[in-house]
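[1] kindly return the folded structure for what I paste below:
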Amino acid sequence: MPATTQAFGILLLLMPGFACAYIVDKLTIRRKQSDFDKVIEAFLFSLILYLVVAPSFGYTLPLVWNHVATNGFEQYVLHLRWLYLAVLAASAAVLAVLYSANINHDWLLKLLRKSGITQRTARSTIWNDAFQDITASYVLVQLEGSRRIIGYVRYYSDDPEESSLFLEDAAWVMDDGEQQPIPGPGILLTRLSHIESISFLNALQSESTSSIPQPQSPS
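    Model prediction:
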């Protein structure tokens with residue numbers, strides 16, 4: 001059998017796993033992977049998909065090679081089983097969505113943490129843990145130079161090194177605790193804003209200026 005035909009067949013067999021891994025990568029925020037990690041993950045996805053789908057198709061493959069001899073020449077004809085491939089594609093999409101939801105909501109590792117098996121989370125950093133686990137709320141952002149701003153978190157960066165936030169219903173907080181509303185839909189704080197800390201506030205704190213802690217003078 002020609003090497004090109006074999007290579008195409010192997011690529012086709014592994015395609016569901018790579019498609020699944022690609023969808024997961026687009027739907028999740030997780031730790032960076034090396035190229036080797038990505039290939040291994042795609043192989044594992046392919047294995048899971050075939051273990052689930054293959055029994056319905058008699059434990060066969062979605063492609064078949066037929067050997068044909070014509071006038072003394074040998075030919076290999078590749079036949080695709082389109083229904084099999086369609087089921088694999090649909091299964092890959094479902095698996096990708098479920099696996100992405102598991103990572104984003106930290107279901108599996110949360111269970112393992114409760115069992116004392118691990119202390120890790122599925123997210124890439126504590127920045128992502130905080131914004132994904134804490135219900136969307138008002139925050140008090142401490143910036144460099146004693147500047148403070150309060151607002152409702154609408155968007156946040158995936159990468160903590162970028163440390164960007166978009167706050168709706170935002171207002172600058174003066175030294176006396178008074179709030180100076182920012183006109184417009186909100187404010188985008190980029191890494192150039194030099195965020196020093198973020199306080200997640202409850203509803204009562206966000207409505208009461210007197211409950212906002214005042215900056216302490218250095219002793």
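[2] and for Ser115, the neighbour number?
    8 (other CB atoms under 10 Å). Any C-beta I mention is one placed from the backbone N, CA and C, and that applies to glycine too.
[3] show me the contacts for it.
    Residues counted as contacts of Ser115 (CB atoms under 8 Å, 6 or more residues apart in numbering): none.
[4] what's the helix or strand for Tyr22?
    Assigned by DSSP states H and E, Tyr22 falls within helix 3-27.
[5] which residues touch that helix?
    38, 41-47, 49, 61-63, 65, 76, 78, 80, 88-89, 91-93, 95-97, 99-100, 103-104.
[6] at 7 Å what do you get?
    38, 41-43, 45-46, 49, 61, 63, 76, 78, 88-89, 92-93, 95-96, 99-100 (CB atoms under 7 Å, 6 or more residues apart in numbering).
[7] what residues sit buried inside stretch 111-130?
    121-124, 127-128 (16 or more other CB atoms under 10 Å).
[8] then stretch 156-171?
    156-157, 160, 163-167, 170-171.
[9] would you map the strands across the chain?
    For the chain, the strands defined by DSSP state E cover 63-70, 73-80, 138-143, 148-156, 165-173, 179-181, 186-189, 195-200.
[10] pLDDT wise, what is the residue positioned nearest the centre of the chain at?
    Closest to where the C-alpha atoms of the chain average out (CA atoms, centre = their mean) is Thr28, at 1.0 Å. Per-residue confidence (pLDDT) for Thr28: 88.
[11] my guess is it contacts Ile103. True?
    Yes: look at Thr28 against Ile103 with CB atoms under 7 Å: they come within range, at 4.6 Å.
[12] domains in the chain, as residue ranges please.
    3-113, 126-211 (automatic domain parsing).
[13] which members of the buried residues of stretch 111-130 occur in helices, if any?
    127-128 (DSSP state H).
[14] for the buried residues of stretch 111-130, give me CSV that also has pLDDT and distance to Gly177.
    Putting the buried residues of stretch 111-130 into CSV (pLDDT from 0 to 100; distance: CB to CB, whole Å) gives the following:
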residue, pLDDT, distance to Gly177
Thr121, 86, 35
Ala122, 85, 39
Arg123, 83, 34
Ser124, 80, 36
Trp127, 89, 28
Asn128, 87, 31
